[in-house]
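In: below is the structure, and that's it, no one-letter string:
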DNA sequence: CATGGGATTGACT
DNA sequence: GTCAATCCCATGC
């Protein structure tokens, strides 16, 4: 799998969020096709970088092409790709994957917190689920996405670019009206079906 | 220094 | 549908 170059991320975060649908996310022998993303930008209050530079947002405001991984609800690690030029706080949250490789290791990692054997469709159908399935942790924060252990690669050969659906972002309380969530149309691996705008 | 709120998930009623 | 788990850190006194 060929990794996307760093300059792919040094562009408007909405473009990157759309174009990452259909690309692959891989770590430690497991990989999936990205089917759901959300864009965040420092100009709107749902973005962590809205408040400016703090210890938490250091990575988010840093150079593009790196991982921004943070803890959510005290429990889950959420994975983002940092975008736009160094100094601009913007990132794409990866919310769901269509499992492509290493399904067995995904299943065993997910089984540590799920009582029933997880179905394939539930392995990566959420931002906290996919980091667990791939073994991505807070230790990967600020790591390169082009040469690090966590890689984002081009769309697999022979796989068509999916049709996109825009929707409102999930689980936020501010700037809820922005249609900055992007889904692969018809995917069975989404965290939630996209609603009407 | 104390408090409160999450870019969530899974179990339970 | 409801609810607890559990940590980082921004905010306010």
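Out: Noted; the coordinates are in hand. In this text the structure is predicted, and so the values were computed from the model without any measurement. Numbering: from 1, shown residues only, chains lettered A, B, ... in the order given.
In: and chain A, which residues reach DNA strand B?
Out: Within reach of DNA strand B by CB under 7 Å from any atom of the strand, chain A has these residues: A:38, A:40, A:46-49, A:60, A:68, A:71-76, A:78, A:80, A:91, A:93, A:110, A:113-116, A:118, A:122, A:126-129, A:169-173, A:191. Every C-beta, even on glycine, is put in place using the N, C-alpha and C of the backbone.
In: filter these down to the buried ones.
Out: With burial judged by 16 or more other CB atoms under 10 Å, the buried subset of these is A:38, A:40, A:46-49, A:60, A:68, A:78, A:80, A:91, A:93, A:110, A:118, A:126-129, A:169-170, A:172, A:191.
In: is it correct that residue A:110 falls within a strand?
Out: No - applying DSSP: H, G, I helix; E, B strand; the rest coil, one finds residue A:110 to be helix, outside a strand.
In: where does residue A:38 land in three-state SS?
Out: With three-state DSSP as the criterion, residue A:38 reads strand.
In: what's across from it in the sheet?
Out: residue A:93, residue A:181 (DSSP bridges).
In: what's the separation between it and residue A:164?
Out: The spacing between residue A:38 and residue A:164, counted by CB to CB, to the nearest Å, is 13 Å.
In: overlap in contacts of these two?
Out: Overlap of the contact sets of residue A:38 and residue A:164 (by CB atoms under 8 Å, 6 or more residues apart in numbering) consists of residue A:182.
In: of the residues of chain A next to DNA strand B, list those near DNA strand C.
Out: Within the residues of chain A next to DNA strand B, those near DNA strand C by CB under 7 Å from any atom of the strand are A:71, A:73-75.
In: how about those in JSON lines, adding pLDDT?
Out: Shown next, in JSON lines, are these (pLDDT from 0 to 100):
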{"residue": "A:71", "pLDDT": "96"}
{"residue": "A:73", "pLDDT": "95"}
{"residue": "A:74", "pLDDT": "94"}
{"residue": "A:75", "pLDDT": "95"}
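In: so which of these comes closest to DNA strand C?
Out: Using CB to the nearest atom of the strand, residue A:74 comes nearest to DNA strand C of those, at 2.6 Å.
In: if I look at that closest one, how far off is residue A:171?
Out: Distance, residue A:74 to residue A:171, using CB to CB: 15 Å.
In: can you check residue A:55 too?
Out: Distance, residue A:55 to residue A:171, using CB to CB: 23 Å.
In: ok, now residue A:153?
Out: Counting by CB to CB - residue A:153 and residue A:171 are separated by 27 Å.
In: give me the neighbour count for residue A:186.
Out: When neighbours are defined as other CB atoms under 10 Å, residue A:186 has 10 of them.
In: how about it, secondary structure?
Out: Recorded secondary structure, residue A:186: coil (three-state DSSP).
In: quick one: contacts for the residue lying closest to residue A:102 once chain neighbours are set aside?
Out: Spatial nearest neighbour of residue A:102, excluding adjacent residues (CB to CB, 6 or more residues apart in numbering): residue A:30 at 3.1 Å. Contacts for residue A:30 (CB under 8 Å, 6+ apart) come out as A:99, A:101-103, A:105-106, A:133-135.
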